[in-house]
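Sharing a model prediction with you, sequence too.
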Amino acid sequence: MDDITEKSNEINDALVDRLIRARKEKSLSRSAVAEACNIPPSTLADYETKRQVFPMNRAIRVAIYLEVDIFNPLKQATTENEEVQISINPENIQDFFMMLLKNDTSLKSEMTELKSLMHEVLKEVKKEDTPEDSSE
């Protein structure tokens, strides 16, 4: 197995483990999550048992439903109750989304909407970082 395939499998496994853990923490059945995310229950079972690779568009849907951050699935909490803080460098986020679009064109409308929202958030952050004129 080449390095890229090995790393890809490692990321998929970590992603699946994170989504399963979140589903169980919320006491949700696999079929409930599958129904809410419009995925056939048997297909979600195949993803969770790692018989199939979890396609990114479906993983994102499940992650949004479960309120899970999947941008860095290899970063794990050291204990079950420890909250993991993940920071995303704004300069690299565009590259990440471009990679997603190249691999899954069905995400184009979602990515366009997300890009618009990100620009709004960045504008607000920049406003907050700008010191107010105190000479009045």
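Thanks, I have it. Since the model is a prediction, treat every value here as computed from it, not as a measurement.

Buried ones in the helix or strand in which Asn9 is found, by neighbour count?
Using DSSP states H and E, Asn9 falls within helix 3-25. The neighbour-count check on helix 3-25 (16 or more other Cβ atoms under 10 Å) flags 11-12, 14-16, 18-20, 22-23 as buried. No exception for glycine: its C-beta is placed from N, CA and C like everyone else's.

Name the helix or strand of the protein that has the lowest mean pLDDT.
helix 90-103 (a mean of 61; mean pLDDT, DSSP states H and E).

May I see the buried residues of helix 3-25 organised as JSON lines, with distance to His119 added?
Below are the buried residues of helix 3-25 laid out as JSON lines (distance: Cβ to Cβ, whole Å):
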{"residue": "Ile11", "distance to His119": "28"}
{"residue": "Asn12", "distance to His119": "30"}
{"residue": "Ala14", "distance to His119": "30"}
{"residue": "Leu15", "distance to His119": "27"}
{"residue": "Val16", "distance to His119": "32"}
{"residue": "Arg18", "distance to His119": "28"}
{"residue": "Leu19", "distance to His119": "28"}
{"residue": "Ile20", "distance to His119": "34"}
{"residue": "Ala22", "distance to His119": "28"}
{"residue": "Arg23", "distance to His119": "32"}
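
will you turn these into a markdown table that also has pLDDT and distance to Ser42?
Shown next, in a markdown table, are the buried residues of helix 3-25 (pLDDT from 0 to 100; distance: Cβ to Cβ, whole Å):
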| residue | pLDDT | distance to Ser42 |
| --- | --- | --- |
| Ile11 | 83 | 24 |
| Asn12 | 85 | 18 |
| Ala14 | 85 | 23 |
| Leu15 | 87 | 19 |
| Val16 | 91 | 16 |
| Arg18 | 89 | 21 |
| Leu19 | 92 | 17 |
| Ile20 | 94 | 16 |
| Ala22 | 91 | 20 |
| Arg23 | 93 | 16 |
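
Can you name the secondary structure element that comes next after the least confident helix or strand of the chain?
helix 108-129.
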